[in-house]
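> only the shape, not the letters, is given here:
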């Protein structure tokens, strides 16, 4: 049984559909959402959603896991399993700062991203300058040139990138008239954020400052880290319950991204199907950041995800990001 049909869960399912196993996939909705495109949805663009294979699909929310009896509770259903793949991903952290849950939009799920596209404010405040925040701010600025876009950064924007990549990123933010505010948010109100230094910014608030995983794994009794992510061994098995595999954002020790989730899902599928017994190796190659539809920055990396000198920018990077995004969706579904 696979819980979740994002990049990691769906890629595991794709491998197992060709194996001699009885497969059940539990997902909250009946289609696959390209989460890495949700900033495009927020900017009013139409993004295709892919229907999930109906065979073995259970549409519903996982309410609990009974590890002792190997049963998953989905609404009124009790669904048994022999081997469990936990791929429930992450969501926006709405409780780290007062007011976020009540007054901010996110681009972490389709519903919130869709609601954001209906806002008519003349100003927006994007909180969080990681990859999601940068992509959201630039997408909005490019799509709506008259919109005043503020980007609140607790750390240097793109600080994890090489100096060359940071230079291009800063140039694009300036060209798009995106105003960067360095500081941390103390509270969020209706169409307003207050920074810790007392400075107030007005506008529709988009929260991208951190993600969290469901409390489901902790509540079930799986060994988890302080953030609630499942602690795994070198074969992606739970260290406390080896019949449970964890992939994607739900697993500890990995970067939250489809670049991590896809190979993890495919690896677990192969392990369960008996096609490999080797320890997993997650190797990174690049980080792709879209800066609207016509610009981008591709940071090539070492296998451990640390930045190399090599960088691709401009339209070529934007094209490359689109190519990789399409490839990731295709790879997850095949």
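That came in fine, so what should we check first? Note that this is a predicted model, so its numbers are computed, not measured.

> could you list the domains of this protein?
2-90+213-272, 100-210+284-333 (automatic domain parsing).

> would TSV of those domains with mean pLDDT be doable?
Shown next, in TSV, are these (pLDDT from 0 to 100):
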stretch	mean pLDDT
domain 2-90+213-272	95
domain 100-210+284-333	95
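
> how about a markdown table for these, with mean neighbour count added?
C-beta here means a position set from N, CA and C on the backbone, and glycine is covered the same way. Compiled in a markdown table, those are given as follows (neighbours: other C-beta atoms under 10 Å):
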| stretch | mean neighbour count |
| --- | --- |
| domain 2-90+213-272 | 19 |
| domain 100-210+284-333 | 18 |
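
> would JSON lines of the ones you listed with distance to residue 278 be doable?
Output for these, formatted as JSON lines (distance: least, C-beta to C-beta, whole Å):
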{"stretch": "domain 2-90+213-272", "distance to residue 278": "8"}
{"stretch": "domain 100-210+284-333", "distance to residue 278": "16"}
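
> can you tell me how far residue 185 is from residue 201?
Going from residue 185 to residue 201 by C-beta to C-beta, to the nearest Å gives 9 Å.

> cool, and residue 183?
Distance, residue 183 to residue 201, by C-beta to C-beta: 10 Å.

> related to what we said a few turns ago, any common contacting residues for residue 185 and residue 201?
By C-beta atoms under 8 Å, 6 or more residues apart in numbering, residue 185 and residue 201 have these common neighbours: 152, 193, 195.

> excluding its backbone neighbours, what's nearest residue 65?
residue 220 (4.0 Å; C-beta to C-beta, 6 or more residues apart in numbering).

> the one you found reaches residue 62, doesn't it?
No - counting by C-beta atoms under 8 Å, residue 220 stays clear of residue 62, with 9.8 Å between them.

> return the residues in contact with residue 113.
Residues in contact with residue 113 (C-beta under 8 Å, 6+ apart) are 38, 39, 41, 42, 105, 106, 107.

> what about it, helix or strand, and which?
Element membership of residue 113, judged by DSSP states H and E, is helix 110-116.

> about what we covered before: among the contacts of residue 113, which one lies nearest to residue 266?
Ranked by distance to residue 266 (C-beta to C-beta), the contacts of residue 113 are led by residue 38 at 23.1 Å.

> which residues sit against whatever helix or strand that closest one lives in?
Counting by DSSP H and E, the element that carries residue 38 is helix 38-42. If you take C-beta under 8 Å, 6+ apart as the criterion, helix 38-42 is touched by 47, 105, 107-110, 113-114, 116-117, 132, 135-136, 139-140, 206, 290.

> how about a cut-off of 10 Å?
Identification of contacts with helix 38-42 by C-beta atoms under 10 Å, 6 or more residues apart in numbering yields 33-35, 45-47, 49, 105-110, 112-117, 119, 124, 126, 131-140, 143, 206, 208, 290, 292-293, 325.

> which SSE is immediately downstream of that helix?
Downstream of helix 38-42, the first helix or strand assigned by DSSP H and E is strand 50-51.

> contacts only, for the spatially most central residue of the chain.
What sits nearest the mean C-alpha location of the chain, by C-alpha atoms, centre = their mean, is residue 257, with 5.6 Å. When contacts are counted by C-beta under 10 Å, 6+ apart, residue 257 touches 7, 35, 36, 131, 248, 249, 284, 287, 288, 305, 328.

> surely residue 96 meets residue 212?
Yes - if you go by C-beta atoms under 10 Å, residue 96 and residue 212 touch, sitting 8.2 Å apart.

> and the helix or strand residue 135 falls within, what does it pack onto?
Per DSSP H and E: residue 135 is located in helix 131-143. Packing partners of helix 131-143 (3 or more C-beta pairs under 10 Å, 6 or more residues apart in numbering; DSSP states H and E): helix 38-42, helix 110-116, strand 123-127, strand 148-153, helix 163-175, strand 204-207, strand 286-290, strand 296-301.

> apply 8 Å and report the result again.
If contacts are counted by 3 or more C-beta pairs under 8 Å, 6 or more residues apart in numbering; DSSP states H and E, helix 131-143 sits against helix 38-42, strand 123-127, strand 148-153, helix 163-175, strand 286-290.

> and the ones you listed: which comes nearest residue 317?
Closest to residue 317 of these, according to C-beta to C-beta: strand 286-290, at 7.3 Å.

> just give the strands next to that closest one in its sheet, each with its orientation.
Strand 286-290 pairs in its sheet with strand 296-301 (antiparallel), by DSSP bridges.

> what about the residue lying closest to residue 99 once chain neighbours are set aside, which SS state?
In space, not counting the residues next to it along the chain, residue 99 is nearest to residue 188; the distance is 3.6 Å by C-beta to C-beta, 6+ apart. Put simply, residue 188 is strand when judged by DSSP: H, G, I helix; E, B strand; the rest coil.

> was I right to think residue 188 contacts residue 96?
No - using C-beta under 8 Å, residue 188 makes no contact with residue 96, being 10.5 Å away.
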